[in-house]
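> would you be able to build a 3D model of this:
(one chain, ligands or ions: 1)
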Amino acid sequence: MRALREMLSEYAVIVVTGGSSGIGKACIEHVWKLNPEVIICNLSRREPAIFTGQLKARQVTVDLADSGALAAAADDVLDHLRGAAPKGKVMLINNSGFGGYGRVHELGRDHQLEMIDVNVRAVVDLTARLLPVLRERGGAVVNIASTAAFQPTAHMATYGATKAFVLHWSLGLREELRGDGVHVLAVCPGPTATEFFKRAGLRQGAVTARWGQTAEEVAFETLRALAREHAQVVCGWGNWLLAAFASRLPKPMAARVGAALLVKYRASRVEAPMSGAGR
Ligand SMILES: NC(=O)c1ccc[n+]([C@@H]2O[C@H](COP(=O)([O-])OP(=O)(O)OC[C@H]3O[C@@H](n4cnc5c(N)ncnc54)[C@H](OP(=O)(O)O)[C@@H]3O)[C@@H](O)[C@H]2O)c1
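So this is what the prediction gives:
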């Protein structure tokens, strides 16, 4: 805990996307527990409940699938940085994201394109807009990928591919920024009990903290990996083992095994057909 406190004491501002629920919300709570002085800017469509009455909070309400709105939101964040905290390190946590269970032709085109916009396009766009400030002041970029990044994921093919992008892009960016004072971390959670599964078309409670992780556990492992300056963290030892196994299999074989597992999983937990299906 002391190492986390020391690490966070260097930061003046943390910019997080998707702090209104799940892992993003847990990251905000954890950071403020360890450093109540840090300013947190959240970008999402809903305001985090924890922001109510908080002087160190800045809500920027934005749909990250909308590139024009993202540009305006980034300007808002940069203005706030200049005014409220002109010195000190800045951390960007790219956490917003969503998935969808179903075959590509069932899920609908618009739904999957929006997924690419939020999970991939917004991550690159927001990072590129904030990087000049991060390089000037020092800081970190934390990108929430997934264990879905380690193998093709039939029945959530688009989601898995967006997360493979985030993982590889983060590791490449980390090397580019070596020596620039900006640390980059890719976080790969496995199943975590959040709103994610409901939005992906599964029943609420499809993942419980009993066999998955809690958002708080993921937030803690994220901050610990950042304090240790790791390049990548797979959250939970069980997920680490599975990711290590999957990434050593030939890709077509990993795709076949993953497809069989996801069909079985989905059959027991899937909701009524998605409302966006067919679009
Ligand atoms: N839960 C898991 O099992 C799991 C596993 C691996 C990786 N992940 C990743 O972890 C990240 C956080 O997900 P979570 O599990 O915490 O799920 P969650 O509880 O559903 O949270 C998702 C967050 O993303 C934000 N978001 C979604 N669409 C957005 C949009 N168009 N514009 C702005 N913000 C948007 C949501 O905010 P608003 O609705 O307020 O806009 C929400 O705060 C995601 O990138 C997800 O892919 C989750």
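> tell me which element L70 is part of?
helix 67-84 (DSSP states H and E).
> what's whatever helix or strand comes next after that helix in contact with?
Of the helices and strands lying after helix 67-84 in sequence (DSSP H and E), the nearest is strand 89-94. With C-beta atoms under 8 Å, 6 or more residues apart in numbering as the contact definition, strand 89-94 has outside contacts at 10-17, 24, 27, 81, 122-123, 126-127, 130, 133-134, 137-144, 166. In this view, the C-beta of every residue, glycine as well, is placed from N, C-alpha and C.
> buried subset of these?
Using 16 or more other C-beta atoms under 10 Å as the burial test, the contacts of strand 89-94 include 11-17, 24, 27, 81, 122-123, 126-127, 130, 133-134, 137-144, 166 as buried.
> can you tell me which of those residues end up in strands?
Counting by DSSP state E, the buried ones among the contacts of strand 89-94 place 11-17, 139-144 in strands.
> isn't P191 up against G212?
Yes. At 3.7 Å, P191 and G212 qualify as touching, with contact defined as C-beta atoms under 8 Å.
> so which bits of the stretch 101-250 of the chain are right by the ligand?
Residues of the stretch 101-250 of the chain found near the ligand (C-beta under 6 Å from any ligand atom) are V118, I144, S146, P189, P191, T192, T194, E195, F196, R199, V207, A215.
> how near is the closest residue to the third one other than its chain neighbours to N94?
Read that as S146. Once flanking residues are discounted, S146 sits nearest to K163: 4.0 Å by C-beta to C-beta, 6 or more residues apart in numbering. Counting by C-beta to C-beta, to the nearest Å, the gap between K163 and N94 amounts to 12 Å.
> ditto for A122
Counting by C-beta to C-beta - A122 and N94 are separated by 8 Å.
> how about the helices in the chain?
Along the chain, the segments classed as helices by DSSP state H run 2-9, 22-34, 67-84, 104-107, 109-116, 122-137, 157-176, 196-199, 215-227, 237-248, 251-269.
> and the longest one, what other elements does it pack with?
Counting contacts by 3 or more C-beta pairs under 8 Å, 6 or more residues apart in numbering; DSSP states H and E, helix 157-176 is packed against helix 104-107, helix 109-116, helix 122-137, strand 139-144, strand 182-188, strand 232-234.
> can you lay out these as CSV showing mean pLDDT?
What follows is the helices and strands packed on helix 157-176, written out as CSV (pLDDT from 0 to 100):
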stretch, mean pLDDT
helix 104-107, 94
helix 109-116, 97
helix 122-137, 98
strand 139-144, 98
strand 182-188, 98
strand 232-234, 98
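> can you get me a residue count around the residue of the stretch 51-200 of the chain found nearest the ligand?
Per C-beta to the nearest ligand atom, the residue of the stretch 51-200 of the chain with the smallest distance to the ligand is G97, at 2.3 Å. Here the number of neighbours of G97 (other C-beta atoms under 10 Å) works out to 27.
> hmm, I144 and it touching each other?
Yes. Shown here, G97 and I144 form a contact pair, counting by C-beta under 8 Å, at 6.6 Å.
> just read off the phi/psi values of D66.
Per-residue torsions, D66: phi -100, psi 110 (degrees, to the nearest 10).
> quick one, what contacts it?
By C-beta under 8 Å, 6+ apart, D66 lies in contact with nothing.
> need the pLDDT of it.
D66 is assigned a predicted lDDT (pLDDT) of 98.
> equivalent analysis for G201, please.
83.
> so, low pLDDT: which residues of this structure?
Residue ranges of the chain with pLDDT under 70: 203-211, 266-279.
> measure the closest residue to A69 other than its chain neighbours to L92 for me?
Of all residues not flanking A69 in the chain, V62 sits nearest, at 5.0 Å (C-beta to C-beta, 6+ apart). From V62 across to L92, the span is 14 Å (C-beta to C-beta).
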